[in-house]
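**Q** only geometry, no sequence info:
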């Protein structure tokens, strides 16, 4: 999904998985996928280890062109003071711009919102969520696990309410946006969508 050509040693981020952190290309091989030129990249990410990714399906960007400090915030050219713990907590429970920006198409917001249900309040998925929301490489360096679990509860409540609003809007204005989710969501999210669609 990117026209950029990557070489061994390049640093990048997977914009669809910001919680993985910055990655370094270990190997790059040219290939054809779905009739288009692409690359198969082996990348070592700060937080996710080594992954093999096709540029035909992954959205990759140089680190300085992708939001990392917080979803939807461009990286500043100059050094900014580190955010306070209170600011990081606000970021942690905020719905990312990709899911909430009213100028994005409704179908895109729905897909981004349902994608956030990949995070869970336990284990590595809790840390991945906190890293994705705050940009911290190690959220446990600033917060305790109970802090993160409590923040996740608040995030989850906000996410459920946000999804409900989008579902009701799509039912009224753009039913095709809901149909377009198809198999992109997990069975649990599909059940939740079904319940929301039957609400009055």
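**A** Received the coordinates, thanks. Given the structure is predicted, the values throughout are model-derived calculations rather than measurements. Numbers count the residues shown, from 1 in each chain.

**Q** What average pLDDT does the lengthiest helix in the chain get?
**A** Longest helix in the chain by number of residues (criterion: DSSP state H): helix 145-173. Averaging pLDDT along helix 145-173 yields 93.

**Q** Return the list of helices and strands in contact with that helix.
**A** helix 85-93, helix 106-115, helix 123-134, helix 175-179, helix 187-197 (3 or more Cβ pairs under 8 Å, 6 or more residues apart in numbering; DSSP states H and E). For every residue, glycine as well, the C-beta is placed using N, CA and C.

**Q** These: which one's closest to residue 59?
**A** Minimum separation from residue 59 across those (Cβ to Cβ) falls at helix 106-115, 12.2 Å.

**Q** Touching the closest one from outside, list them.
**A** With Cβ atoms under 8 Å, 6 or more residues apart in numbering as the test, helix 106-115 has contacts from 95-96, 98-101, 104, 159, 162-163, 166-167, 169-170, 173-174, 176-178, 180-181, 184-185, 189, 193.

**Q** Tell me what angle that helix forms with helix 187-197.
**A** 130 degrees (axes from the mean of the first three to the mean of the last three Cα atoms, to 10 degrees).

**Q** in helix 106-115, what's buried?
**A** 106, 107, 109, 110, 111, 112, 113, 114, 115 (16 or more other Cβ atoms under 10 Å).

**Q** now that helix against helix 145-173, angle please.
**A** Going by the same axes, to 10 degrees, helix 106-115 makes 150 degrees with helix 145-173.

**Q** Distance from the chain centre to helix 106-115, please.
**A** Chain-centre distance of helix 106-115: 11 Å, with Cα atoms, centre = their mean, to the nearest Å.

**Q** okay, now the domains of the chain?
**A** Domain assignment for the chain, taken from automatic domain parsing, gives 11-65, 85-197.

**Q** pLDDT averaged over the first one - what is it?
**A** Regarding domain 11-65, the rounded mean pLDDT is 85.
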